[in-house]
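Participant: one predicted model, sequence on top.
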Amino acid sequence: MRFGLQLGYWGAQPPANHRELVLAAEESGFDAVFTAESWGSDAFTPLAWYGSDTSRVRLGTSVVQLSARTPTATAMAALTLDHLSGGRHILGLGVSGPQVVEGWYGAPFAKPLARTREYVSIVRQVLAREAKVTSPGPAYPLPYNGSGATGLGKPLKPITHPLRADLPIWLGAEGPKNVALTAEIADGWLAIYYTPRLADMYNEWLDEGFARPGARRTRADFEIAATAQVILTDDRKAALDAIRPYSALYIGGMGAEELNFHAEVYRRMGYGDAVDEITRLFRSGRKDEAAAAVPDELILDTTIIGNEDEVREQLKVWEQAGVTMMLIGVRDVAQFERLRPLIES
């Protein structure tokens, strides 16, 4: 099992130490570095900046939001970054949610599965550069001949020859249908809130996708990258208390109350009553109480917390469940030194 550094997206200001974290990740033997985007910083620009200082680590997006760019614009960014990095780019894509898609990008959130399939197909056409890129739509028709069209549009090939036609595309997916689609059309799954306890359920979803006609990969060459907190500590309670407010935010405050994909993930884990209570408290402005309502077990299902021996044993559990890469957040360079024995073992 390999390790990836999850840098995420920026807060109110650019992080001051991400460059040194990236350099430390490469020096410490991490396989990849990932950036994200929400409705502030974008995912591609930091990778290009940090990638110029590195020579080995792969550079991934976790994730680029589909509605932020047309498929061809995303393919242009991906092929450009892949050239600049010498073939180290991983294109991670995700649909986001209706609150962001309709509220920030001004686009409809309808039919996310169909849009994902169409989007990935167009990106792959660009990267293959075997023919002029076309698509019947309906989400991304190429050439566009709909309302307001001049009728002058024509199919095009990318001017720049992509470095790799098989540039890996990973999908961020949470629900059963989306995970099955990921196994069918993608090269890897970016799993958030993964728990080894439900590995059999995830494998059923994945196997459905692998079994579909024309599936791109098999389990043998498919990557599962799970984002998780890995915390080395002798004070488990303090670590749990530090995580609780973030869990409450994603469970109770992210997305719309009527449609929060993160909350649904925890419902599938069996925490429906806790999710309802956290959501009720968070949405009523009682954020501290919402954090306090997050059960220890809910956090421990999707994180690894303990001393070195305990963390090493848990990492084995995740690997045996099928995870090929752990995507972890690291706050300072000193943490790499604490993690090094686990990475090298």
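Facilitator: Good, I have the coordinates.
Participant: so how far is Pro15 from Leu47?
Facilitator: Computed as C-beta to C-beta, to the nearest Å, the Leu47 to Pro15 distance reads 14 Å. All C-beta spots, glycine's among them, are computed from the backbone N, C-alpha and C.
Participant: which residue of the two possesses the greater neighbour count?
Facilitator: Per other C-beta atoms under 10 Å, whichever of Leu47 and Pro15 has more neighbours is Leu47, with 26 against 15.
Participant: so what's the more buried one up against?
Facilitator: Shown in contact with Leu47 (C-beta atoms under 8 Å, 6 or more residues apart in numbering): 33, 35, 59-61, 81, 85, 89.
Participant: pLDDT value on Ile224, please?
Facilitator: Looking at Ile224, its pLDDT reads 98.
Participant: how about it, what does it touch?
Facilitator: 188-189, 191, 194, 322-325.
Participant: what about the residues you listed, which are in strands?
Facilitator: Here DSSP state E is the test, and these give 188-189, 191, 325 as lying in strands.
Participant: quick one: which of these is nearest Glu223?
Facilitator: Gly188 (3.5 Å; C-beta to C-beta).
Participant: sorry, back to before: may I see the ChimeraX selection of the buried members of the contacts of Leu47?
Facilitator: The following ChimeraX line selects those of the contacts of Leu47 that are buried, judged by 16 or more other C-beta atoms under 10 Å:
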select :33,35,59,60,61,81,85,89
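Participant: can you add pLDDT, secondary structure and distance to Glu26 and give the contacts of Leu47 back as CSV?
Facilitator: Formatted as CSV, the contacts of Leu47 follow (pLDDT from 0 to 100; DSSP: H, G, I helix; E, B strand; the rest coil; distance: C-beta to C-beta, whole Å):
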residue, pLDDT, secondary structure, distance to Glu26
Val33, 98, strand, 8
Thr35, 98, strand, 15
Leu59, 98, strand, 11
Gly60, 98, strand, 14
Thr61, 98, strand, 18
Leu81, 98, helix, 17
Ser85, 98, coil, 12
His89, 98, strand, 15
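Participant: now render the contacts of Leu47 as a markdown table, adding distance to Asp207.
Facilitator: Converted to a markdown table, the contacts of Leu47 look like this (distance: C-beta to C-beta, whole Å):
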| residue | distance to Asp207 |
| --- | --- |
| Val33 | 30 |
| Thr35 | 31 |
| Leu59 | 30 |
| Gly60 | 25 |
| Thr61 | 26 |
| Leu81 | 32 |
| Ser85 | 33 |
| His89 | 28 |
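Participant: residue contacts, the residue most central in space within the chain?
Facilitator: Among the residues of the chain, Ser62 comes closest to the average C-alpha position under C-alpha atoms, centre = their mean, at 3.5 Å. By C-beta under 8 Å, 6+ apart, the contact list for Ser62 reads 6, 34-36, 43, 92, 170, 172, 190, 225, 227, 327.
Participant: surely Leu142 and Ile122 touch.
Facilitator: Yes. Using C-beta atoms under 8 Å, Leu142 is in contact with Ile122, at 6.9 Å.
Participant: okay, and the common contacts of these two?
Facilitator: Contacts common to Leu142 and Ile122, judged by C-beta under 8 Å, 6+ apart, are 72, 133, 135.
Participant: which pLDDT does the model give the second one?
Facilitator: According to the predicted model, the pLDDT of Val133 comes to 98.
Participant: thought it was touching Arg124?
Facilitator: No. The criterion here is C-beta under 8 Å, and Val133 misses it with Arg124 at 9.8 Å.
Participant: quick one: which of these two has more around it?
Facilitator: Val133 (22 against 19).
Participant: okay, now the nearest residue to the more buried one once chain neighbours are set aside: neighbour count?
Facilitator: Sequence neighbours aside, Gln125 is the residue nearest to Val133 in space, at 4.7 Å (criterion: C-beta to C-beta, 6 or more residues apart in numbering). Using other C-beta under 10 Å, Gln125 is surrounded by 22 other residues.
Participant: how is the chain carved up into domains?
Facilitator: For the chain, automatic domain parsing gives the domain ranges 2-229+308-344, 234-306.
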